[in-house]
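> kindly generate the corresponding structure for this input.
(chains A and B)
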Amino acid sequence: MSDKDQPPGDSGTPEASPKMVGAGGTAAAGGKPPVSKERRLQARRRVLRTILLTGGVMGAALSGFLPLAYAQKQRLRPPGALDEKDFLASCIKCGQCVQVCPVAAIKLADLVDGFGVGTPYIDARSQACDFSCDAVQCILACPTGSLTYHKPEFLPVRAGAALAAKPILLAKEKDAEPTLNMAERIGVARLTRPDACLAIQGKGFKGQARGAGFKGRMRYMSVDRWKPIKISAHPYDVAECDLCVRECPVKGAITIETVFAPDGSKRKSPVVHEPCVGCGVCEMICPVEPAAIEVVPREVWKT
Amino acid sequence: MSAVLKRRFREQIMVMFGREPKKPVVIAPEAQKIHLYKRGNRDLIAEKLHARAHAEHKNTWRNRRWATLLIVNLLFTLSFFLDIQILEGALTASRFIGFHLIDLNSALQVMLAHKHIINNLLIGTGTVLVLWILLGGRTFCSWVCPYHLLAEWAERLHVYLVKKKLVTDQTIDRRLRSVFWLIFAVLAVATGYTVFEAISPTGILSRALIYGPGVALLWVLALLVFEVFFSKRAWCRYACPIGLTYGVVGIISPLRIKYTLDGCFHEGDCRKVCLVPHVLDTVIKGRAVDTIVPIGPDCTRCGLCVDTCPTGSLKFEVKGLSKLL
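Sure thing, here's the model as predicted:
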């Protein structure tokens, strides 16, 4: 073991090589030579270096725990995602879900994002999942069951996370199979800034929902069922803003209803219902800045 | 397999886990004869000097390997970028024309963390397991892993700096890799999170190549800097659990490097270019236990030694198949 494994050791000059063999023979006869001070020092430095590398790698590995520490800072995961802890355990970080998404809604997290290097997430405001694929292809693509149609028995379902019925996709309502194969919601939409909501203010909306520079895309059945287009290429002109309801891909998830304001006056307001899966299209399309309606990731339905 | 080779086979497995190779205890009589013949043979020394003076360095296997590595990684990138869907996913898990392929170490981490195995994971892991058993285990490292290529370039820089006497290679205890393997396995089970995947330069690089660069690349850069200025090929040699996982697969692999004692001049050039010189201890004068010695499982089958060897004493071999041919 004390014999240091130095590559030049065996590449001696032609004269030295035979001598080495001879010397080795005599040393073996006389027992182990005492370890020199130099050798001992070298061995000690090597141990220190080993500890250094161990510390360095383990220190870096600690960054892997950031997602657990940041567990409160929830992100929207792709449809069919297991609960956050199970999701982090099972995701192999291959990005196959990213590759199948026709609107590129799924992105992979970076080191500084703090929710798992290479794990997929959806930033609904910049690009929501509008189920343009007509199914949930990301789930089909997942090789480890991190995104799944059917949760294995041993994983619990949080109360209110399960959908009462398979969500009906409005785009294929007339098809033989109109539903999406999703058992649980990934979040719930909430009117987080009601004061900003154009519908509540009784205002209409005219123009590009998110401005000319917005890169987000969506599938418009009236344009092309199989080709999502830029939202900026589809301007609106509505007397009373109902963009979130108009573009919601799931049947019965959101409606505009007449509500009474605290002062007793009648107002129009978007109201979210149980079928909401948390896809985030309402958040993406909301024309006010910041959005009046947002998806709360991992949120469950509370009656 | 003869008794001396069986003994070496077992010893090489221990060497893979971090033990330093020892001088052989038993040497086959035929090999002993050759060792004796070579001892102090003036003609042989003259022949060696002559061969050395006329040796031309080839890069055949290195070029083939680099081409393979680049094509595989490019195929990942193009599959997504051009949407040609041949090799979808990343190195951790992918689909080759629809067939699931899952990296063995990543699969292991996920299984340990999640404690549940679905069919796709099993199918993908099985396919890859068979593939790498046939292709040589750590062949993955040198022929596919993108970090390996960067590390090879970093190694060049390191060797240059060593030559200029600006740095020295600080060796580290090789047992550390086995310790890391265990730590990451235990961490995955205990925390329920695939901790290693967060720092795996293979995964980070593969994803960066396919989905675009990220801050995580800084970690890869830090590793490379460490290797250039401090310790040669430190990550692959002393840390990477992926290498050990594939190394274990390579134990029973038929594809390997074969060493022939007869023509070897024992210059040791092969050990200088080798990522894992401890597997080439057999080329040291007087160490070969038999006339033909297969190289152990920690070998990445990179072929650098095959390119470097001036006498053709190191060659690729497929066990069983070579006999047939």
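> which residues touch the closest residue to chain A within the stretch 151-300 of chain B?
Here the residue of the stretch 151-300 of chain B nearest chain A is B:A198; by C-beta to the nearest C-beta that distance is 3.1 Å. Using the backbone N, CA and C atoms, a C-beta is placed for each residue, glycine as well. Contacts for B:A198 (C-beta atoms under 8 Å, 6 or more residues apart in numbering or on different chains) come out as A:A61, A:S63, A:G64, A:L111, A:G116, A:V117.
> is it true that it lies in a helix?
Yes: under DSSP: H, G, I helix; E, B strand; the rest coil, B:A198 falls within a helix.
> mean confidence score for the lengthiest helix in chain A?
Counting residues, the longest helix found in chain A (DSSP state H) is helix A:37-62. For helix A:37-62, mean pLDDT rounds to 84.
> again, but for stretch A:213-232
93.
> and the helices in chain A?
For chain A, the helices defined by DSSP H cover A:16-29, A:37-62, A:66-69, A:84-90, A:96-100, A:137-141, A:243-247, A:281-285.
> export only the CA atoms of the fourth one, formatted as PDB.
What it means is helix A:84-90. What follows is helix A:84-90, C-alpha atoms only, in PDB (Å, rounded to 0.1, in the frame of the first residue of the first chain):
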ATOM      1  CA  GLU A  84     -43.700  17.300  -4.500                       C
ATOM      2  CA  LYS A  85     -41.600  15.000  -2.300                       C
ATOM      3  CA  ASP A  86     -42.400  11.900  -4.400                       C
ATOM      4  CA  PHE A  87     -41.900  13.900  -7.500                       C
ATOM      5  CA  LEU A  88     -38.400  14.900  -6.500                       C
ATOM      6  CA  ALA A  89     -37.600  11.300  -5.500                       C
ATOM      7  CA  SER A  90     -38.700   9.800  -8.800                       C
END
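> for chain B, give me its nearest residue in the stretch 201-303 of chain A.
A:K227 (14.0 Å).
> tell me who's in contact with the nearest residue to that residue once chain neighbours are set aside.
Counting by C-beta to C-beta, 6 or more residues apart in numbering or on different chains, A:K227 lies nearest to A:R219, which is 7.4 Å off, once chain neighbours are set aside. Residues counted as contacts of A:R219 (C-beta under 8 Å, 6+ apart) are A:P102, A:V103, A:D130, A:S132, A:A171, A:R225, A:W226, A:K227, A:P228, A:I229.
> quick check: nearest residue in space to the residue nearest to the spatial centre of chain A, chain neighbours excluded?
Centroid-nearest residue in chain A: A:Y121, 1.7 Å away (criterion: C-alpha atoms, centre = their mean). What sits nearest to A:Y121 in space, not counting adjacent residues and going by C-beta to C-beta, 6+ apart, is A:R75, at 4.3 Å.
> give me phi/psi at the one you found?
phi -120, psi 150 (degrees, to the nearest 10).
> OK, contacts around it?
Shown in contact with A:R75 (C-beta under 8 Å, 6+ apart): A:A109, A:F115, A:Y121, A:I122, A:P297.
> surely the first one meets A:D123?
Read that as A:A109. No: when contacts are counted by C-beta atoms under 8 Å, A:A109 is not listed as touching A:D123 (10.3 Å).
> more crowded one of those two?
Between A:A109 and A:D123, counting by other C-beta atoms under 10 Å in any protein chain shown, A:A109 is the more crowded of the two (19 against 16).
> return the distance of the more buried one relative to B:L49.
From A:A109 across to B:L49, the span is 59 Å (C-beta to C-beta, to the nearest Å).
> hang on, the earlier thing: show me which of the contacts of A:R219 are buried.
Those of the contacts of A:R219 that meet the buried threshold are A:P102, A:V103, A:D130, A:S132, A:A171, A:P228, by 16 or more other C-beta atoms under 10 Å in any protein chain shown.
> and the residues you listed, which is closest to chain B?
For the buried ones among the contacts of A:R219, the nearest to chain B is A:P102 (10.5 Å; C-beta to the nearest C-beta).
> show me the contacts for the closest one.
Applying C-beta under 8 Å, 6+ apart, we find A:P102 in contact with A:S132, A:C133, A:R219, A:P228.
> burial count for B:D83?
By the criterion of other C-beta under 10 Å, B:D83 has 9 neighbours.
> ditto for A:P290
11.
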